[in-house]
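# A predicted structure for the sequence below; I have some questions about it.
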Amino acid sequence: MAKTNKSKSKSKKGSVKKSSTNKPKVLNPFEVHVNRQKFTVAGRKLKNDKGLPGVSRAKAIKKRKATLLQEYRVQHKANKFDDRRIGENNKGMTAEDRIVARFTAERNRNRKKTKFNLADEETLTHRGQSLMEIEKFDNPRSDSEDDDEQESGRLEAKFVSDAHFGGFLSRKEETENSTQSRQNLIQELIAESKKRKAEKKMQNEKTAELTEKLDADWKDLEAIIYQSKRLKHNENEEKPQIDDYDKTVRALVFEAKGVPTDRLKSEEELAKEEKERLENLEAERVARMHGKYDGLKPAPKHRSADDLDDGFEYEEDDPMLSYDADGNVQISDSNLRVQSIQDDDDQEEGSEEEESEEEGSEEEGEEEEEQESGDEDGEAEEAEDEDDADSLSDLRLQVSEDEEEEKPVKNNPKKNKKATDTRPDLAKLKEMMEQARKELPYTFTVPENYMDFVELFEDKALAQQSVILERMIKCNHPKLGNNNTAKLGALYAFLLQWLNDNTVDPPANKFVSNPNEEFLNTLLPHMFEVVQLSGAGNARRCTVAVLTEKYEEWVKSGANTVPPLDTIIFFQLILHIFPTSDFRHPATSPAVVFMAEILNNAAIHSFRDVCNGLFICELLTQYTSLSRRFLPEAFKFLSDVICALAQNETSPRFSDELKPSDLKNENLLPAAIEILHQMAEQSKANVPSLPVILKPVVKVLSGVSQERIKKLGNAGADSIEGLKNLCLKPGRLEVMMMEKKRPKPLKLYEPRIEPVIYDGKRRVDMSEKKREKLKLVHKFKKEMKGAVREIRRDQDFLAKVHLKETLKSDAERKAKVKDILGSLATQAGELNKLDRKKGKKK
Amino acid sequence: MYYFRFNTMISTVLNSSTSIFKLAEDFVQSRKNANNLALLVEFLASKSNVNSKLTNCSILALQTIFTHALSERSNRRGEDFGEAENKYHEWIFSKYEEAIPLLLNVLKGTKHPYSVREQAMVTYVNLIKLESLYVNKPDSKDVFCLPKLKYYNLLKTVVSSKKAESRKSKVQAKLLNRLSEFTALHDVALQTWVSCVTLTKCDKKVPTETKMSNILQLLKTTAIPSLSARDKNPDQLIFPNRAKKIPRKFFSKKLPHAIDGVWDNIKKWHHTESTLHETLLLLIEKIMDNLSQPKMLTDFLMTSLNYGGALSLLSLQGIFNLIQKHNIEYPDVYSKLYSLFTPDILRTKYKQRLFFLSDLFLSSTHIPESLVAAFAKRLSRLALTASTTDALIIIRFVGNLLIRHKSVQKMIHNPDGGYVECDPYVEDEADPCNSKAIHSCLWELKSLQNHLVPGVAIAARFIDDKLPTVEWDLADVLETKYCEVFEKEMNKKAKDITLNFIPPTDEVLEKLKRTWLVHVGTKLGSPLKKDNNLNHG
């Protein structure tokens, strides 16, 4: 090795080159093997253009020696020596490192034993003294004192300088102490030293004594001093407190910072906001009615190549500004249409409803306030109770506006009249409500289960039920937290069940009174409120569950009857709870399908069936009052009923058991005609084929004699006239044409530019998957070849080792044999020698 | 004296089901008890026996006995029996002959419930099967079939009935249904067709309606035997081992002959509407393809085509088959089809068949556009009053018509535009080509876009866009039921569920009250929107 280091030029091929110096490695040209290129390709980088076969071989051999050879050596050995002393196998550690590491391990091992014995910690020392002792500070004397003591215990510098070394040279000797012997001098010195020490000791003791005394005195004084100090402090503090400025500053500093709020809104603004909210809701409703509203902004279908990703979107529905031949501005039809629909709706129901809604919300607000303040003093609440009752009865019992409110009443006198009509009834109810208010407690919790609910509501008058519900809702308002939303959700489910259980179906042929109407009308407003508070999801789930149950019940009963009122009443509930004008709604659509199936399949067995059927039709009229859609089944049912009643025609719908006398009720025919008329009027605009639908009915109705029509009353006669008009005087029909669609613009994309790399690699156009596979196959082949090569080399290596071993053992044997033979020869020689000697003797 | 003793024995021995089964067991165990057979036969024959449970047991016991006795002999075939042995077997066979009509009596009689009668029938079939297996000589010509006369008697008994009472006919239907398990087997079916030639004959007396419908029911469930079944599926035969013994000519000659004979007879019946209905169904499904001269059917079908309704529909299908397979020309088949589309037909159960058939008829690309337009228009008109499910079918159907016939698309897209005062379509015109439908537009579809059921409304929107190039598959909607539409609406996932934001106002409630008042029975004199005279009842 040393040799190669010294003379690099002489180094042989295949020898291991190891430079101990840090000089940059200089390649020996004899060690380098160059792979010759046939052609030089510009820009091509080659990995394997040159190699160092000797170096790499040496490396490989070294590695094999470390791994394969070791394995070979312990090949058939059952036991092996494993030196597990710390750091013994680590060549990087020096002997000292090993010792340190072992010591640390030892310490750690010991510590493990006392893992939980916290008191037995190692004692730390300082100058051989335990730190614990030092930290006790028993002797508060500082080091400097000690030093002083030592210092003072010693002789004075002057004395020393005089006595010890300067003796011969100083003047003193000459002048005074020539007589004093050296012996004296030393004795004096010792005495001096002892005296000083004693003095010092006494002084120290005195100081300590004094200190202790002082400490003791101080303890007595301490209490008095602190007290007086505190008093003083207080006196001093009072002054800045008086300072208003400081006080305010401090108060302001620590006070929670006020968030800037909007100013209180004036009444007009509130009204305006409410109006805007309703307008928004209405706009959304109209959109849903046309099946366009999606809740969220629809994702843009097409992205232009020029899209800057800035969220700007080109809206297709934007009205294009265009001019006709005369230069007037044109606005596209569709836009106008939507607007006009909105306008219509607003005009029709918007104004009235908005007003009532506004009042409702205001009053609600008031009530809440009252409720809050009422908690503080119960008397005030009672005093206000009457007032409260008034506003509530307006809201809850759906009695129309009072006459005192003149503004809305002026617009529609008919309402006014109605109000007076229902006056006695209303007064009675009010009275009952008031009474109920007084009798019942003020707070109610929502019952845990339906049994409790029934217990609470059973045997209560309607007015009382209403009051209980009203208070229950107030006490469990979601804003009060406490999981109230879920509670109200449960309450809604109970109410549905309650409604179901308490709906009475009148007997088949006789109708004395109808308790359901009042019952439903009492519950409905509360249910509406509960639903608004408890969320749509719950309402939908409960309602749909009830609907499914009813549907299955009906299907089980054969699906060919008119269901009893306890089913139909839920249709009415859905009408009020959910928006019926939506194009598709998870609660109303199934209800509509259900009703359609009833009207389509049901056979009529009794007077009640006709009534219930008519009621469903009436409900459907309400369902479609905004969307103005139509349901053929309803038209069919009504025309069947009308034909049967007006001309006694037999229809397959009417069962044979039904006696004609059962249908002699003079109210049925006009009711059916009216409903049909209303339905037809509603869908007039949307259904161009209405005359075709109405044709058979109108034909039958024209055959009805004048006397009969007179009997039907004004409403019936008017409706017949209306139907005739709708059927026989249809408006002109617009020839159907598909709406012209804007031609789709060509999609313009920027050209796709791919970078071209001239690196000499073949780039075959193939799919990502295939390319990946090919890559893997290539890699596998490469690895396989490498592995085979390695194995072969391992075999070579082992063979060499083997050979070496054999040669070595052969050589040993040879040497031994030679040795033995040699010794034998010597032995023989010596024997001969002896023989020869004997022979000579002989 | 003997008879008396016998009778008392019957009444003493046969008083429980276990004792009856005991008799059968004893018989099987030893010949000593051979008289048990006589006892059982006598018991079955006795008029006094009304206990249906005991009757059932005795039938079962007879079946056990005969199964044992008949197979016993055949197992020892080839042996030379002694005279006594032969006599014994003769006696057993005579008892067998005695018992067979008794079984038919049970089957025929009304005094026993259905289960007993059914048992009698099954036992009868089993026994005659045993007879043909073991009693007939193996080299006989009819070795592959059941005893002819006995089988004919069975069919006759099952089919005929004295009174057409509703309960009984139900039993009859059940029996026929049970019998169909046998008649579905190909060799039995072969025999059934042959037997039915005689059965359907009505020379002197006119068969009752019940009998006619029973025969039709029987034939409907009877398989059309085929050679392939004989050769490849022996498990479809009653005698799988004797499959090869049925001669080929039975299939090629005798069977068509029998079917022709049956049809000739049925044709001559005095049909009522319901039997004609069933006849047509049978004709279309079974007989038509197997007649030797199907063209002869034309007259029959023409006549029944004029009945209207479902009958016309069925005969139309027959005619369609004739047109398709036998090249018959029928001049105004389209106008017949056209006239079929009335609101009533949608209520029959043949709705699907009608739509399927019309789709086939109108699939020709060589029919005039005025005709297609008339169909489209008429169907759309139907949809206006049809149920939701029918509306769905019709919308798809009309859509397919429009896709198929490009020129008819001007009914939904007339480039000229403008207005018309009234619909030019003539509804009452019988000839579809003269209905001027092509000059009209499909306003009906436009109306249906406002159908309250969203599924229909969406389906009707197809007229707003460019029509697809591929037709819709009608089969998807043909079977739709209301409950499926209901389910679909239930399961529709909504992103957010909206609530009504208008609280229930008294106006709405008042309006509804009007209908409630009908219940109450108060006089309604108020016009629609003015509720002036409203009073609470």
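Thanks, I have the structure now.
# mind listing what A:Asn35 touches?
A:46, A:48-51 (C-beta atoms under 8 Å, 6 or more residues apart in numbering or on different chains). Every residue, glycine included, has its C-beta placed from N, CA and C.
# quick one: pLDDT of it?
Note on A:Asn35: pLDDT of 86.
# for it, what are phi and psi?
With angles defined as degrees, to the nearest 10, A:Asn35 sits at phi -90, psi 120.
# for the contacts of A:Asn35, pick the one with the most neighbours.
Highest neighbour count within these: A:Gly51, with 14 neighbours (other C-beta atoms under 10 Å in any protein chain shown).
# go ahead and confirm that one touches A:Leu27.
No - applying C-beta atoms under 8 Å as the test, A:Gly51 and A:Leu27 come out as separate, 11.1 Å apart.
# mean confidence for stretch B:224-240?
Mean predicted lDDT for stretch B:224-240 stands at 69.
# then stretch B:96-111?
The average pLDDT within stretch B:96-111 is 75.
# flag every buried residue along the longest helix out of those in chain B.
When chain B is parsed with DSSP state H, its longest helix is helix B:83-108. In terms of neighbour count (16 or more other C-beta atoms under 10 Å in any protein chain shown), helix B:83-108 has its buried residues at B:88-89, B:92-93, B:95-96, B:99-100, B:102-104, B:106-108.
# farthest pair in those residues?
Spatial extent of those (C-beta to C-beta) is set by the pair B:Tyr88 and B:Lys108 at 31.0 Å.
# circling back: can you tell me which of the contacts of A:Asn35 is nearest chain B?
Set against chain B, the nearest of the contacts of A:Asn35 by C-beta to the nearest C-beta is A:Leu46 (59.2 Å).
# got phi/psi on the closest one?
Given degrees, to the nearest 10, the pair of backbone angles that A:Leu46 has is phi -110, psi 140.
# same check on the one 10 residues further on?
Dihedral pair for A:Ser56: phi -70, psi -30, per degrees, to the nearest 10.
# show me the contacts for whichever residue of the stretch 251-400 of chain B sits closest to chain A.
The stretch 251-400 of chain B approaches chain A most closely through B:Ser387 (4.4 Å), counting by C-beta to the nearest C-beta. For B:Ser387, the contact set (C-beta under 8 Å, 6+ apart) comprises A:596-597, A:600, A:632-633, B:346, B:482.
# could you check the pLDDT of A:Glu754?
With respect to pLDDT, A:Glu754 scores 77.
# that one: what secondary structure?
coil (DSSP: H, G, I helix; E, B strand; the rest coil).
# measure it to A:Gly43 for me?
19 Å (C-beta to C-beta, to the nearest Å).
# now swap in B:Lys436 and tell me
Taken as C-beta to C-beta, the span from B:Lys436 to A:Gly43 is 82 Å.
# now A:Asn110
The gap separating A:Asn110 from A:Gly43 is 68 Å, by C-beta to C-beta.
# quick one, which of these two is more surrounded?
Here A:Asn110 and A:Gly43 are set side by side on neighbour count (other C-beta under 10 Å), and the busier one is A:Asn110, at 10 against 7.
# around chain B, pick out the residues from the stretch 701-842 of chain A.
Applying C-beta under 8 Å from any C-beta of the partner chain, one finds that the stretch 701-842 of chain A approaches chain B through A:713-715, A:718-719, A:730, A:732-739.
# after the longest helix of chain B, next one along is what?
Next helix or strand after helix B:83-108 toward the C-terminus (DSSP states H and E): helix B:114-130.
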